[in-house]
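S.K.: quick one: sequence plus predicted model below, questions after.
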Amino acid sequence: MSSPSDPLLGRVLERRYRIDATLARGGMSAVYVGTDLRLGRRIAIKVMDARYVGDPQFLRRFEFEARAVAGLSHPGLVAVYDQSIDDDVAYLVMELVRGGSLRELLRERGPMPPHAVAAIGIPTLGGLGTAHRAGLVHRDVKPENILISDTGDVKVADFGLVRAVSEAGVTSASVILGTAAYLSPEQVSSTDIDARSDVYSAGVMFFELLTGQQPFQGATPLALAYQRLSYDVPAPGDVVGGVPPEIDEIILRATERDPALRYPDGFAMQHALLDAVDDLGLPPFTVPAPTRPPRASRPPSPGRWHRPGRPRLPAPAPPAPASGTRVGRPDTTQMNTTPTDTTQTNTTQTITVRTTTTRGATTPRTMRTSRAPSVRRTARPSTSTSPATRRPGARGAHWSGWCWCCWSAPGWPWPDGPQARP
């Protein structure tokens, strides 16, 4: 993955940290495998983009956030060891997690059953809750920022970097930072962001883990971001079968458009998930690390990955957009801007919003419903049979569309999967 033309390869920072190989690149930074020459251990080095190095406002926030994250201790967080600036290189020294990202696992094995989602969600929410209690907000919770080690540990990475970039002088005040598919409504419409924004993003991520698709669709990152101002995230059980109502209820509450109706922080959502695991009797599960890098040309396919000697389950029907289900009352006060420009990166997407209205521009289409945003949604049996919102077997079928060769757990029935609860 490393490029021989990368000038940082082989460089020693602060006469201590040697950069050995490239792990990943994104819009704000690059991650390298390195060696701490003083302690003789392998580390991960995150190097920020060069355009931020000359910004004193960014450097102050970068140092503050790094110090705050370094003071956190939780098995669900990637540990931060050091932070510094060496000439033109601003970098973080972090724990090296040997394994891969949740995004790679999702691409490799397809959608996950409830016990696998719980095994990922409990440590993820614990890590988020620890940071929330310390006054930190991640602002970019997504599968790419959830790391899975070879031993099954689940850890949250990249705390504080989005806030540091958002307060940099090189960043315009009209820019929304984050990944469009996982932004909370308040991240799109305002700057008043707290722990409940991370709760919303976690709910969207869990929806994707269960169903294999994101709840909103859009032709551009900006259109995708604005979907959440007018539409609610549907219950996963309305898209695939076998999702218990207890899990639906957690995701519906986490993704309420009104922040006051969500869980207040990661710990509150974690406790709700733990209660659901106990009530449902979900089995313990060790999350597997990805076994190989994903191939961009291969879409997620639950029926592709199977073990020799076991029957292959049929792949589910192609997922339909879920944005048309459970439509909430639109918040038209947030629709006074016309999207005219977008910039997308591999990880964090920068969405530029110009408030100047051009001739012929139209605002996103909205739909009416009798449910006010202040009324909390609850999971209930779906009565819709439209093929646009439901897959075969939803709400009551034994087969739920998950590959039980990939996600089987001791004590859990295979291959029929969980029974849908009334």
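M.R.: Received, thanks.
S.K.: drop to CA atoms for contacts and neighbour counts, all remaining ones
M.R.: Will do.
S.K.: next SSE after the lengthiest helix in the chain?
M.R.: If you go by DSSP state H, the chain has its longest helix at helix 114-133. Downstream of helix 114-133, the first helix or strand assigned by DSSP states H and E is strand 146-149.
S.K.: show me what that following strand is packed up against.
M.R.: The contact analysis (3 or more C-alpha pairs under 8 Å, 6 or more residues apart in numbering; DSSP states H and E) places strand 146-149 against strand 99-101, helix 102-109, strand 154-156.
S.K.: check contacts around residue 74.
M.R.: 126, 127, 130 (C-alpha atoms under 8 Å, 6 or more residues apart in numbering).
S.K.: dump those residues to TSV, plus pLDDT.
M.R.: Listed next are the contacts of residue 74 as TSV, based on pLDDT from 0 to 100:
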residue	pLDDT
126	97
127	95
130	94
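S.K.: just give me the closest of those to residue 101.
M.R.: residue 127 (15.8 Å; C-alpha to C-alpha).
S.K.: wait, that closest one sits on residue 75?
M.R.: Yes: contact criterion C-alpha atoms under 8 Å: residue 127 and residue 75 qualify, at 7.2 Å.
S.K.: ok, the two, which is more surrounded?
M.R.: Legend: neighbour count by other C-alpha atoms under 10 Å for residue 127 and residue 75, higher for residue 127 (25 against 15).
S.K.: returning to what we had before: who are the packing partners of the longest helix of the chain?
M.R.: Judged by 3+ C-alpha pairs under 8 Å, 6+ apart, the packing partners of helix 114-133 are strand 154-156, helix 195-211, helix 266-280.
S.K.: if we can go back for a sec, anything in contact with each of residue 127 and residue 75?
M.R.: With C-alpha under 8 Å, 6+ apart, residue 127 and residue 75 have common neighbours residue 155.
S.K.: doesn't residue 110 make contact with residue 290?
M.R.: No: the pair residue 290 and residue 110 fails to qualify as a contact (C-alpha under 8 Å) at a distance of 11.6 Å.
S.K.: compare the two (neighbour count), which wins?
M.R.: Each of residue 290 and residue 110 has its neighbours counted (other C-alpha under 10 Å); residue 110 has more, 27 against 22.
S.K.: okay if I get the helices and strands packed on helix 114-133 as a markdown table plus distance to residue 34 and mean pLDDT?
M.R.: Formatted as a markdown table, these follow (distance: least, C-alpha to C-alpha, whole Å; pLDDT from 0 to 100):
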| stretch | distance to residue 34 | mean pLDDT |
| --- | --- | --- |
| strand 154-156 | 19 | 96 |
| helix 195-211 | 30 | 96 |
| helix 266-280 | 31 | 97 |
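S.K.: run through the residues that contact residue 288.
M.R.: 105, 148, 150, 151, 152.
S.K.: repeat for residue 218
M.R.: Counted by C-alpha under 8 Å, 6+ apart, residue 218 has contacts 224, 225, 227.
S.K.: closest one of the residues you listed to residue 54?
M.R.: Closest to residue 54, out of all of these and judged by C-alpha to C-alpha, is residue 225, at 30.4 Å.
S.K.: got phi/psi on that closest one?
M.R.: phi -60, psi -40 (degrees, to the nearest 10).
S.K.: distance of the residue nearest to it when sequence neighbours are not counted relative to residue 60?
M.R.: Of all residues not flanking residue 225 in the chain, residue 180 sits nearest, at 4.9 Å (C-alpha to C-alpha, 6 or more residues apart in numbering). In this view, residue 180 and residue 60 are 27 Å apart by C-alpha to C-alpha, to the nearest Å.
S.K.: likewise for residue 80?
M.R.: As judged by C-alpha to C-alpha, residue 80 and residue 60 stand 17 Å apart.
S.K.: which of these two has more neighbours?
M.R.: Ranked by neighbour count (other C-alpha under 10 Å), residue 80 and residue 60 place residue 80 first, with 25 against 14.
S.K.: so the closest residue to that one other than its chain neighbours bridges to which residues?
M.R.: Once flanking residues are discounted, residue 80 sits nearest to residue 94: 4.4 Å by C-alpha to C-alpha, 6+ apart. Assessed by DSSP bridges, residue 94 has beta-bridge partners residue 44, residue 80.
S.K.: wait, residue 94 sits on residue 82?
M.R.: Yes: Residue 94 is in contact with residue 82 according to C-alpha under 8 Å; the separation is 7.1 Å.
S.K.: just to revisit the earlier point, any quick PyMOL command for the buried ones out of the contacts of residue 288?
M.R.: Buried residues among the contacts of residue 288 (16 or more other C-alpha atoms under 10 Å), as a PyMOL selection:
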select buried, resi 105+148+150+152
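S.K.: so where do the strands sit in the protein?
M.R.: Using DSSP state E, the strands of the chain run over 12-13, 17-25, 29-36, 41-48, 80-86, 89-94, 99-101, 146-149, 154-156, 175-178, 349-352.
S.K.: so which bits of the fourth one are buried?
M.R.: Within strand 41-48, the residues scored as buried using 16+ other C-alpha under 10 Å are 42, 43, 44, 45, 46, 47, 48.
S.K.: need the pLDDT of the first one.
M.R.: Same thing as residue 42. The per-residue pLDDT reported for residue 42 equals 96.
S.K.: and the longest helix of the chain, which residues are buried?
M.R.: Those would be 114-132, for helix 114-133 by 16+ other C-alpha under 10 Å.
S.K.: residue 94 and residue 82: which is more packed in?
M.R.: Per other C-alpha under 10 Å, whichever of residue 94 and residue 82 has more neighbours is residue 94, with 23 against 14.
S.K.: which ones are touching the more buried one?
M.R.: 43, 44, 45, 46, 78, 79, 80, 81, 82.
S.K.: adding distance to residue 140, write these out as TSV.
M.R.: Compiled in TSV, the contacts of residue 94 are given as follows (distance: C-alpha to C-alpha, whole Å):
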residue	distance to residue 140
43	23
44	20
45	19
46	16
78	15
79	17
80	18
81	21
82	22
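S.K.: nearest to residue 278 among the residues you listed?
M.R.: residue 78 (27.5 Å).
S.K.: give me the neighbour count for the closest one.
M.R.: Counted with other C-alpha under 10 Å, the neighbours of residue 78 add up to 24.
S.K.: quick check, it in contact with residue 149.
M.R.: No: Residue 78 lies out of contact with residue 149 (C-alpha under 8 Å); the separation is 10.8 Å.
S.K.: so what's residue 124 closest to, chain neighbours aside?
M.R.: residue 76 (5.7 Å).
S.K.: and if you look at residue 259?
M.R.: residue 196 (6.2 Å).
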